[in-house]
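Student: sequence-free structure coming up:
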């Protein structure tokens, strides 16, 4: 595992001169009748391999919208989004699904594990849709579960697990396809402070191994876990800098 | 995602909500079973009716001719013609029917049909004798005054106890009883048992004319009737040169009518049963729509993790198809069993037809796919963000 992540590190460092994520003039405009809501109002953002970025903002600030666009769950109304050299902003439904499957690992606030499948099957899902064979799927999923420390729970169903264990499961699911980007949407929102700490530490660890992580949160203390903070307000980026600068600015 | 994976998912989902799956299947079970049962029973009834008609002589063509002075049909020529077409015809017999008073001593019956026939009449009409012999070729040549009587005549003239060699008077002429026909219809008046057969040569003389106006042809097989009618028509037209001077009749028209009626009956009944299949299909669609709404979040998660439209699509279509085909198979089993039970109960040889089974199974599978398509398509097109937001 260590050897593997070292090799991964090298590969990711090599790619650092071109951004992993390049958001160019992103607008997301919702129209209801004559009223126009600009959820994203001209966002420019570059994120490189190996970064740990927190996108922070209040609810309604447009951070969820930009997360959806970064996560290839949605496309912008205007602007270009280059993810790993691919222009995602004009992609169709199925192409987006492929991008999500191959490039992005999602960690959700509500874990979003399928309740009728056991943990192992849940972790296998991204591999299933990637067309990985059954044996390989099981092996990779088991590795991922062991990595997050709940290998022994693989046959349990989500409702038999604690919130922390479920979140670990969803982290395992995010990791299993070895994605270029891990997108964590309020990953600690439903957890107590002790388990929150564990999850955040784990994200730190993953980042230290070379994984690119984007953390979306409304909580600035959580945002301070990242190395770089991007603050969104009214659909615009109002702060973008290292976490040290963010702390000063907040004070 | 491959097909076997989709089947696994469908199986999980069906087992996951057993009661709902069963109720959804129930519509399909009832629909398929009723198609099979109704078609099977109607088929049994049809076979029964047709076999009853077959006993009446579906292989018989009757020809009646109005002979004129210049154009007439000769008995020997008819025999010759029949011989020439022996691939179609089993045989022929002239029939000369008239009504006479029949007496045994002082007991008399008035207005009884006396039929003059040829020697093949008995076999052509699949009749049997209980005693004695039938009219033979020599009797016809010699104009022998012998007769074969039915059991009704025996009952009435001899109080049910006639013996060979007894005599009766037909229109005043003495005839010796040479054979007695086996009872066929409880010895009722005007039934098949109410009959007297004499040589046709005698019958023409009794009738006071040498003309034979009627012939009965038996086909080798009921299927040859149309062909036989054709050949006869050509032959008779060749002699008579006028269609009004002869008529050819057979049971085929009647049989066609019976066939048509039972076919219509069968179509109507299976149509009604088909409607229940349609209703079952709508039931499946309804459940699948509910299922899609209930599983919006699941669909959202799957799409977020990289499921493409066709992955979601196949998951739901296969689930719907599985529900309907499982229902269809159960329906087929119930249908086959019930058809046999009902067939026995009604004493009809009702057998589930392969075509009904294939059709209803095909329809149930098609309905599953067809009615599953719409909800599945709805699921596949869900926006993952909206789906994820759904709780």
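Tutor: Thanks, I have it. As the structure is a prediction and not an experimental result, all values here were calculated from the model. Residues are numbered from 1 along each chain as shown, chains lettered A, B, ... in the order given.
Student: Closest residue of the stretch 151-251 of chain A to chain B?
Tutor: As assessed by Cβ to the nearest Cβ, chain B sits closest to residue A:173 within the stretch 151-251 of chain A, at 7.4 Å. All C-beta spots, glycine's among them, are computed from the backbone N, C-alpha and C.
Student: For residue 75, which residues are in contact?
Tutor: In the absence of a named chain, this looks at chain A. Applying Cβ atoms under 8 Å, 6 or more residues apart in numbering or on different chains, we find residue A:75 in contact with A:69, A:81, A:88, A:89, A:90, A:91, A:96.
Student: Hmm, no, I was thinking of chain B.
Tutor: Residue B:75 makes contacts with B:94, B:200, B:212, as judged by Cβ under 8 Å, 6+ apart.
Student: Tell me how many other residues surround the first one.
Tutor: Spelled out, that is residue B:94. The number of residues packed near residue B:94 is 25, by other Cβ atoms under 10 Å in any protein chain shown.
Student: what does residue B:25 give?
Tutor: Residues lying near residue B:25 (other Cβ under 10 Å) number 26.
Student: my read: it touches residue B:330, true?
Tutor: Yes. Judged on Cβ atoms under 8 Å, residue B:25 makes contact with residue B:330 at a distance of 6.8 Å.
Student: From chain A, how far off is the closest residue to residue B:128 other than its chain neighbours?
Tutor: Nearest non-adjacent residue to residue B:128, counting by Cβ to Cβ, 6 or more residues apart in numbering or on different chains: residue B:182, 4.5 Å away. Distance of residue B:182 to chain A, given as Cβ to the nearest Cβ, to the nearest Å: 75 Å.
Student: Quick check: the residue of the stretch 51-200 of chain A nearest chain B.
Tutor: For the stretch 51-200 of chain A, Cβ to the nearest Cβ, closest residue to chain B: residue A:101, 2.4 Å.
Student: So which residues on chain B come close to chain A?
Tutor: Residues of chain B found near chain A, taking Cβ under 8 Å from any Cβ of the partner chain as the criterion, are B:1, B:5, B:12-13, B:16, B:297-298, B:300-311, B:381, B:383-385, B:388, B:391.
Student: any idea where the strands of the chain begin and end?
Tutor: This is for chain A. According to DSSP state E, chain A carries its strands in the segments A:21-32, A:35-47, A:52-56, A:78-83, A:86-87, A:104-107, A:181-185, A:212-217, A:228-233, A:236-242.
Student: Actually, chain B is the one I wanted.
Tutor: B:60-65, B:89-104, B:107-117, B:129-132, B:146-149, B:167-170, B:173-181, B:196-199, B:214-219, B:246-250.
Student: For residue B:226, which of the ones you listed is the nearest?
Tutor: Closest approach to residue B:226 among those (Cβ to Cβ): strand B:246-250, 8.4 Å.
Student: Parallel or antiparallel, list what pairs with the closest one.
Tutor: strand B:60-65 (antiparallel) (DSSP bridges).
Student: Residues contacting the partner strand, please?
Tutor: B:72-73, B:95, B:124-125, B:212-219, B:225, B:228-229, B:232, B:236, B:240, B:245-251.
Student: what's near enough to touch the residue nearest to residue A:169 when sequence neighbours are not counted?
Tutor: Take residue A:169 and drop its neighbours on the chain: the residue closest to it by Cβ to Cβ, 6+ apart is residue A:119, 5.0 Å away. For residue A:119, the contact set (Cβ under 8 Å, 6+ apart) comprises A:113, A:145, A:150, A:153, A:154, A:155, A:156, A:157, A:158, A:161, A:169, A:172.
Student: Now for the closest residue to chain A within the stretch 151-300 of chain B, how many residues are close by?
Tutor: Closest contact between the stretch 151-300 of chain B and chain A, by Cβ to the nearest Cβ, is at residue B:298 (5.8 Å). Counted with other Cβ under 10 Å, residues neighbouring residue B:298 total 22.
Student: where's the closest residue to it other than its chain neighbours relative to residue B:9, distance?
Tutor: Residue nearest to residue B:298 in three dimensions, not counting chain neighbours: residue A:114, with 5.8 Å by Cβ to Cβ, 6+ apart. Distance of residue A:114 to residue B:9, given as Cβ to Cβ, to the nearest Å: 10 Å.
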